[in-house]
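>>> return a 3D structure for these sequence lines:
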Amino acid sequence: MAEAVIFDIDGTLLDSVDLHAQAWQEAFRHFGHDIPFDEIRSQIGKGGDQLMPVFLSPGELKERGKQIEKFRGELFEKRYLPQVRPFPGVRELFQKIKRNGQGIALASSAKPDELKKFEQIANIQDLVEAETSSGDVKKSKPHPDIFEAALDRLGPNVRRERVVVVGDSPHDAEAARRAKLTVIGVLCGGFPEVALREAGCTAIYAGPQELLERYENSLLAKQA
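Next up, the predicted model:
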């Protein structure tokens, strides 16, 4: 049995990927960049530090990056956050994991204040033992830093080889693989199954509800 499970949030527990992409698209447009929605959506799962360099020159990133990210954050909170909803089965899945005596951590590229709000929306704040966000590390996903920080917060008794990550994007899978962690992919975030497998996902599920229903035969219930 896995000793702990580390979850991504956006697209994994919450139906928020399109909303994040819309907020970024609007923020870029506000600063003079008309970027196609699908191009931005493909980068969701990364933190702003890794997403913005895909679309901005080094000079503009240095000059206006913080301003753009601040605008995006305020826009998302005001216009898009009220639309975010959890996927079916999230709280029940967390309760199942807790009943089995396994640890739960969150590892998100979100800002720290966003992370707390996301926990409330998912109704899991009382079930999470450890959490990390982009504010805890120098580099967000697809770098492994957030998962390494989550491992540290789970404590020294949790063995890396007995930890499973659950995420929806290739960026989650790549970061987990670089941290030498087993990773399960979910399709509810809208990323193609082939992309998740190529990035390192060992198994694929439709979302939290299917993972809950098939829990006993999943890597969560087996030795990772």
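>>> who are the contact partners of the closest residue in space to F55 that isn't next to it in sequence?
Residue nearest to F55 in three dimensions, not counting chain neighbours: I35, with 5.6 Å by CB to CB, 6 or more residues apart in numbering. Quick note: C-beta positions are derived from backbone N, CA and C, even for glycine. Each residue near I35 by CB atoms under 8 Å, 6 or more residues apart in numbering is listed here: Q25, F28, R29, F55.
>>> what's the closest of the residues you listed to F94?
F94 has its nearest neighbour among the contacts of I35 in Q25, at 31.6 Å by CB to CB.
>>> what are the buried residues along stretch 24-35?
Across stretch 24-35, burial judged by 16 or more other CB atoms under 10 Å covers W24, Q25, A27, F28, I35.
>>> tell me which two of the residues you listed sit farthest apart.
Every pair of these checked by CB to CB; the farthest is A27 and I35, at 9.9 Å.
>>> how is this protein carved up into domains?
Domain assignment for the chain by automatic domain parsing gives 4-15+85-217, 17-83.
>>> let me know the average pLDDT across the first one.
Pointing back at domain 4-15+85-217 there. What domain 4-15+85-217 shows for mean pLDDT is 95.
>>> picking that back up, let's have the contacts of I35 in CSV, adding pLDDT and secondary structure.
Formatted as CSV, the contacts of I35 follow (pLDDT from 0 to 100; DSSP: H, G, I helix; E, B strand; the rest coil):
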residue, pLDDT, secondary structure
Q25, 98, helix
F28, 98, helix
R29, 98, helix
F55, 98, helix
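>>> which of these lies closest to K98?
Each of the contacts of I35 was checked against K98 using CB to CB; the closest is Q25, at 37.6 Å.
>>> and the average pLDDT for the lengthiest helix in the chain is what?
Identified as the longest helix of the chain according to DSSP state H is helix 58-75. Averaged across helix 58-75, the pLDDT comes to 96.
>>> for the protein, what spans make up the helices?
Under DSSP H, the chain gives helices at 17-30, 37-41, 48-55, 58-75, 90-99, 112-122, 145-154, 170-178, 193-199, 208-213.
>>> could you dump these into a markdown table with distance to S134 added?
Listed next are these as a markdown table, based on distance: least, CB to CB, whole Å:
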| stretch | distance to S134 |
| --- | --- |
| helix 17-30 | 13 |
| helix 37-41 | 17 |
| helix 48-55 | 7 |
| helix 58-75 | 10 |
| helix 90-99 | 21 |
| helix 112-122 | 8 |
| helix 145-154 | 7 |
| helix 170-178 | 12 |
| helix 193-199 | 20 |
| helix 208-213 | 23 |
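>>> what's the most buried one of those?
Mean neighbour count (mean count of other CB atoms under 10 Å) peaks for helix 170-178 among the helices of the chain, with a mean of 26.
>>> helices and strands around that helix, which ones?
Identification of packing neighbours for helix 170-178 by 3 or more CB pairs under 8 Å, 6 or more residues apart in numbering; DSSP states H and E yields helix 145-154, strand 163-167, strand 182-186, helix 193-199.
>>> and with 6 Å instead?
Using 3 or more CB pairs under 6 Å, 6 or more residues apart in numbering; DSSP states H and E, the elements in contact with helix 170-178 are helix 193-199.
>>> now what about the helix it packs on, what contacts it?
P170, A173, E174, G185, I204 (CB atoms under 6 Å, 6 or more residues apart in numbering).
>>> shouldn't V164 be in contact with A2?
Yes. Proximity of V164 to A2 meets the contact threshold set by CB atoms under 6 Å, at 4.6 Å.
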